[in-house]
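Novice: Here you go, sequence then predicted model.
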Amino acid sequence: MINVLVLSRNYPNAVLPFVGPWVQQLAKFTLDECNVRVVAPVPYYPPIVPGPGEFRRFRQVPYREVADNIEVRHPRFITGPGYSTHNLDAQAYLWGVSQTVDRMWRERPFDLIHAHFIYPDGVVGARLAQRYGVPLVVTEHAFWHPWLDQYPVVRKQAMNAAQLTSIHIAVSQSVRRSVSRFTGEHDRLRVLPVGVDMEQFSPLSVDQKPDDNSILFVGRIHETKGVDTLLQAMQLLIERNPAAQLSLIGGSFYRQTQLREERLIRLAEELGLAKHVRFLGIQPPAKVAEAMRRATLFVLPSRRETLGSVLIEALACGTPVVATRCGGPEDVVTDAVGTLVPTEDPASLADAMATMLAHRQDYDSQYLRRYAAEKFSWQRVAAQTIELYRSALEKPNGFHPEK
């Protein structure tokens, strides 16, 4: 068994139960061959002291819990709102988790560290890997451009950590290109997507049919997800197909993005879409899966997308997809399972949705599901991850315990 320490701020907890499910799922599906323990720090807020609810609510997160047979620790670290302390977050994170990780090391040493996102998790992971003399694996879920161009202090830390990785995973070819622009090409940089739980995301039974003219979006209700473009496309689509209906599942846990969500809801009203668009808010995975299997088509109109795991989930449910050429979806969507259109182009998006609504029978649900399983099942992704762990353990990693 490989003893793995996972470092990730993005991990489900009592306050944010739907944050970072892909990290949790990967950990769960590697348990047959790995002993996995997770350190998922949350922001510190002083007890009793009144203040903003966005921070105060993290008091409810337990310091230790066991979920899916995985021990999860939630140490606290000091961080400010938004990006106000971004340059300092890695150091604060390291201070916050060090005692917890030292204690876990004494209880049972780990063989390697797997961090998700290079900053701050990967930067902290590099420091801890040096301390214990173990390899570091980092999975990158975010584009490095333009983010690292805007934060030179963070860029220096991220670059240093990237040089210390034994394996650096990008979740798509577009993320890999973004990272290699800064690091250069090297054999440690691999592409491995996140996966899909094929049991949870499954098609309708053979005697059922999807709801007629139903379109589904799942994600943040935000401009970066292209929701404004989608609403404009719906206005055009309804002129051709008055029966079309759009449901949007998703929302935000943070006030700033909630305000942007409210603006998009008002935009739908201004476009006269009240009878054709439903905002359903954040829903648990089981209800998301049910909505996916019942939809005629799934749409993801993002301006930028590192992968688009919701596309994979929809395909596992046997539902064809329409997405934009914005990075990650190009690794997922082929002509056999859906359609890709340009970003920020309501007319092209409306055309693609109209065509798919009219020709939904051309897409075989069982084929879509097999495609998702063969390329993206968590069993496949977990097996490939374990092979990368073994590769990392076989390499001379250059780490030496701190004296």
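Specialist: Arrived safely.
Novice: mind checking the SS state of residue 350?
Specialist: Under the three-state scheme (DSSP: H, G, I helix; E, B strand; the rest coil), residue 350 adopts helix.
Novice: Who are the contact partners of it?
Specialist: Residue 350 makes contacts with 233-234, 236-237, 240, as judged by Cβ atoms under 8 Å, 6 or more residues apart in numbering. Every C-beta, even on glycine, is put in place using the N, C-alpha and C of the backbone.
Novice: Output stretch 126-142 as CSV, restricted to C-alpha atoms.
Specialist: C-alpha atoms of stretch 126-142 as CSV (Å, rounded to 0.1, in the frame of the first residue of the first chain):
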residue,chain,number,x,y,z
ALA,A,126,7.0,21.3,-1.8
ARG,A,127,8.2,22.6,1.6
LEU,A,128,6.7,19.6,3.4
ALA,A,129,8.1,17.1,0.8
GLN,A,130,11.6,18.6,1.4
ARG,A,131,11.1,18.3,5.2
TYR,A,132,10.2,14.6,5.1
GLY,A,133,12.2,13.5,2.1
VAL,A,134,9.3,12.3,0.0
PRO,A,135,8.2,12.9,-3.6
LEU,A,136,5.7,15.6,-4.5
VAL,A,137,2.9,15.1,-7.1
VAL,A,138,0.8,18.2,-8.0
THR,A,139,-2.4,18.2,-10.0
GLU,A,140,-3.1,21.5,-11.7
HIS,A,141,-6.7,22.4,-12.2
ALA,A,142,-6.2,26.0,-13.2
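Novice: Mind putting the contacts of residue 350 into CSV with distance to residue 29 and neighbour count?
Specialist: Below are the contacts of residue 350 laid out as CSV (distance: Cβ to Cβ, whole Å; neighbours: other Cβ atoms under 10 Å):
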residue, distance to residue 29, neighbour count
233, 36, 27
234, 37, 25
236, 41, 16
237, 38, 24
240, 43, 13
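Novice: Turn these into a markdown table, including pLDDT, distance to residue 63 and secondary structure.
Specialist: Putting the contacts of residue 350 into a markdown table (pLDDT from 0 to 100; distance: Cβ to Cβ, whole Å; DSSP: H, G, I helix; E, B strand; the rest coil) gives the following:
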| residue | pLDDT | distance to residue 63 | secondary structure |
| --- | --- | --- | --- |
| 233 | 98 | 46 | helix |
| 234 | 98 | 46 | helix |
| 236 | 98 | 52 | helix |
| 237 | 98 | 50 | helix |
| 240 | 95 | 56 | helix |
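Novice: Nearest to residue 168 among the residues you listed?
Specialist: The shortest gap between residue 168 and any of these belongs to residue 233, at 36.9 Å (Cβ to Cβ).
Novice: The closest one against residue 322, yeah?
Specialist: No - contact between residue 233 and residue 322 fails when scored by Cβ atoms under 8 Å: they sit 9.6 Å apart.
Novice: Which residues are in contact with each of those two?
Specialist: Any residue near both residue 233 and residue 322 by Cβ under 8 Å, 6+ apart counts here, and that gives 301, 349, 353.
Novice: C-terminal to the longest helix anywhere in the chain, what's the next element?
Specialist: The residue-count maximum for a helix in the chain (DSSP state H) belongs to helix 89-107. Later in the chain than helix 89-107, the nearest helix or strand by DSSP states H and E is strand 112-116.
Novice: quick one, that following strand and helix 89-107 angle?
Specialist: Relative orientation of strand 112-116 versus helix 89-107 (axes from the mean of the first three to the mean of the last three Cα atoms, to 10 degrees): 150 degrees.
Novice: partners of strand 112-116, with directions?
Specialist: Each strand that pairs with strand 112-116, with its direction, by DSSP bridges: strand 2-7 (parallel), strand 136-140 (parallel).
Novice: Name the stretch among those strands that sits most buried.
Specialist: Sort those by mean neighbour count, taking mean count of other Cβ atoms under 10 Å, and strand 136-140 sits at the top with a mean of 27.
Novice: and that strand, what's its mean pLDDT?
Specialist: For strand 136-140, mean pLDDT rounds to 98.
Novice: hey, C-alpha coordinates of whatever helix or strand comes next after it in CSV?
Specialist: Following strand 136-140 in sequence order, the next helix or strand is helix 147-150 (DSSP H and E). Taking Å, rounded to 0.1, in the frame of the first residue of the first chain, the C-alpha atoms of helix 147-150 are listed here in CSV:
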residue,chain,number,x,y,z
TRP,A,147,-3.1,34.6,-13.3
LEU,A,148,0.6,34.3,-12.7
ASP,A,149,1.3,37.3,-15.0
GLN,A,150,-0.6,39.4,-12.5
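Novice: Alright, I will stop here.
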